[in-house]
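Trainee: Sequence and predicted model, in that order:
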Amino acid sequence: MSVRRLTAALLLLVPLVTWAQTGSRGSEIQPRPAPLTDEQWERLLDRLDGTWQLNLEKSVYFLTAPPQGAPAGHIYVKDVDRRGITYRSDAGDSFQVLDGKPYPSQLTPQSTTVARWPVNEFTLENLTSTDGKPTQILMQFLAADGQSKIIVARSIDEHGGQTPAAVMYWDKVPDGTPVWTDSP
């Protein structure tokens, strides 16, 4: 499937996913972590684990300009025992628990929380809130082989309305590949 077709398909799916999340509750978003088996957790964390680089040629930004300059990327280090990941980027490191509960963001100075949860063993959802109000939701769709992922970002306005912000395509690259300035 071409990137353009995949992007179009995801843009059609976003309203359906939004409706499924909110149902008749309006704009309220309730994290619903999937009841994954131990084997599914391990496969999910294996898919996430590694060095990821943004592929700008396959990505689409609707509300902002794409990142410029040095390559954009991050590193995930799985933690099977705590069912989470350590996220490493040019902004620093943070441990991310994938349980659907909001935790203070370790990488932003404001009163921001992020709740992260698995939808299934191929999909993660992240809800970012500032001062208790949802501001952004990200869905990460992981390829079965763990070598690529697509992140669909949606902005949430003060009334709970969601607007597609970006569809970002990420490639897993060999560990040690520099994915930001001064990367390890």
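Mentor: Ah, there it is. Numbers count the residues shown, from 1 in each chain.
Trainee: what bits of the chain have low per-residue confidence?
Mentor: Scanning the chain for pLDDT under 70 picks out the ranges 1-28, 70-71, 181-184.
Trainee: mind listing the strands for it?
Mentor: Ranges of strands in the chain, per DSSP state E, are 50-61, 73-79, 84-89, 92-97, 102-104, 112-120, 123-130, 133-142, 148-156, 162-173.
Trainee: can you put those strands in JSON lines and add mean neighbour count?
Mentor: Backbone N, C-alpha and C define where each C-beta goes, glycine included. Shown next, in JSON lines, are these (neighbours: other C-beta atoms under 10 Å):
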{"stretch": "strand 50-61", "mean neighbour count": "17"}
{"stretch": "strand 73-79", "mean neighbour count": "19"}
{"stretch": "strand 84-89", "mean neighbour count": "18"}
{"stretch": "strand 92-97", "mean neighbour count": "14"}
{"stretch": "strand 102-104", "mean neighbour count": "14"}
{"stretch": "strand 112-120", "mean neighbour count": "19"}
{"stretch": "strand 123-130", "mean neighbour count": "19"}
{"stretch": "strand 133-142", "mean neighbour count": "18"}
{"stretch": "strand 148-156", "mean neighbour count": "20"}
{"stretch": "strand 162-173", "mean neighbour count": "19"}
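Trainee: Residue 67: which of those is closest?
Mentor: Taking C-beta to C-beta, strand 50-61 is the member of those nearest to residue 67, at 6.8 Å.
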